[in-house]
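Enquirer: What shape does this take:
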Amino acid sequence: MSILCVGSVALDSVETPFAKAERVLGGSATFFTSAATLFSPVQVVGVVGDDYPLAKLDFLSKRGADLSGIEQRPGESFFWAGKYHFDLNTRDTLETRLGVFADFQPKIPDAFKSSKYVFLGNIDPDLQHDVLDQVDTPDVVACDTMNYWIEGNRESLNSLLERVNILIVNDEEARQLADEPNLLKASRWIRDRGPDIVVIKKGEHGAILFADDWLFFVPGYPLEEVFDPTGAGDAFAGGFMGSLAQAGNLEATSLRRAMVFGSVMGSFAVERFSVERLIDLSRPLVDKRLQEFHEMTAFETHMGIEQRV
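Expert: Modelled structure (predicted):
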């Protein structure tokens, strides 16, 4: 099944202690789609300026993405510049220019309105509401958010929770949203307000899925080299939602598998700057890393007991 993705399509300049990349592909929708199209077709809605190199997104079209919902307007594209510290877990934002994204009003093409799976990137909750008002009756709606909207538009965000099936946030955002330091209690607070499923990302330490009466933890994949953590969370969401759309259901087995595929895609995303690693990534390599996750985490639950006479 196809996924409707609404989010930012941007340009990033990223500096780490080891290297630097200027004006490379970025944005939540870009990373999400780069990961999700290895599992399911994606329909993208976003906006870019006339400075955006749309031809660099051709690899997404070849993998089944419909980019006809990306509007190109006169002006500058959304631009973000950041510098990572030595541990690559903390970063400083050096510059943010919203450009045409400042006036973004999502317009869902008629051909996209029947999508059964919808992913709302971390845009203004008012715009996320607007997207849901335009689509028909999706089977699954997942959304992301961030600290800025939790602080600045909480009322709209709280009402949005009533309309989504899955919320995907990091641990800091979950704690802030629920005003609760304990993630188990925070997830319960969030689920009480609408979403059946809460996925909390913990960066290099993996992610946790919370459902009504069970939870599932997936670790991060151990890497010797991390080039650029930018977009890893969006790549996780792309792998997660892509796998769910491919499965076509929200059964526990499908959700567990989707969590591992999310961690797999996040781990590939950080191996190079921008979406470079995801451009030439093949499904067999993804499945191979999935098997490595299985080998890392599988264990026997029963010990043999020697019979004595």
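
Enquirer: ok, the spatially closest residue to Asp50 that is not a sequence neighbour to Val48 distance?
Expert: Excluding its sequence neighbours, the residue lying closest to Asp50 (Cβ to Cβ, 6 or more residues apart in numbering) is Pro74, at 5.4 Å. In short, each C-beta sits where N, CA and C put it, glycine included. Distance of Pro74 to Val48, given as Cβ to Cβ, to the nearest Å: 11 Å.

Enquirer: Spell out which residues are contacts of both of the two.
Expert: Listed as contacting both Pro74 and Val48 by Cβ atoms under 8 Å, 6 or more residues apart in numbering are Val100.

Enquirer: Looking at the two now, which is surrounded by more residues?
Expert: Val48 (25 against 8; other Cβ atoms under 10 Å).

Enquirer: Contacts only, for the residue nearest to Asp50.
Expert: By Cβ under 8 Å, 6+ apart, Pro74 lies in contact with Gly49, Asp50, Val100.

Enquirer: Tell me which residues touch the last one, please.
Expert: Applying Cβ under 8 Å, 6+ apart, we find Val100 in contact with Val47, Val48, Gly49, Arg73, Pro74, Gly75, Glu76, Ser77, Phe78.

Enquirer: burial measure for the fourth one, as a count.
Expert: Read it as Arg73. Neighbour count of Arg73, defined by other Cβ under 10 Å: 16.

Enquirer: Quick check: closest non-adjacent residue to it.
Expert: Among residues not flanking Arg73 along the chain, Val100 sits closest, at 4.7 Å (Cβ to Cβ, 6+ apart).

Enquirer: On the three-state scheme, that neighbour is what?
Expert: Assigned state for Val100: helix (three-state reduction, DSSP: H, G, I helix; E, B strand; the rest coil).

Enquirer: Can you give me the distance of it to Pro53?
Expert: Taking Cβ to Cβ as the measure, Val100 falls 15 Å from Pro53.

Enquirer: circling back to that earlier point, which single one of the contacts of Val100 is nearest to Ser263?
Expert: Of all the contacts of Val100, Phe78 has the smallest distance to Ser263: 27.1 Å, by Cβ to Cβ.

Enquirer: Surely the closest one is in contact with Phe101?
Expert: Yes. Under the criterion of Cβ atoms under 8 Å, Phe78 makes contact with Phe101 at 3.8 Å.

Enquirer: Now list whatever residues contact both of those two.
Expert: Ser8, Ala10.

Enquirer: follow-up on the earlier one: dump the contacts of Val100 to JSON lines, plus pLDDT and secondary structure.
Expert: Formatted as JSON lines, the contacts of Val100 follow (pLDDT from 0 to 100; DSSP: H, G, I helix; E, B strand; the rest coil):
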{"residue": "Val47", "pLDDT": "98", "secondary structure": "strand"}
{"residue": "Val48", "pLDDT": "98", "secondary structure": "strand"}
{"residue": "Gly49", "pLDDT": "98", "secondary structure": "strand"}
{"residue": "Arg73", "pLDDT": "97", "secondary structure": "strand"}
{"residue": "Pro74", "pLDDT": "97", "secondary structure": "coil"}
{"residue": "Gly75", "pLDDT": "97", "secondary structure": "coil"}
{"residue": "Glu76", "pLDDT": "98", "secondary structure": "coil"}
{"residue": "Ser77", "pLDDT": "97", "secondary structure": "coil"}
{"residue": "Phe78", "pLDDT": "96", "secondary structure": "coil"}
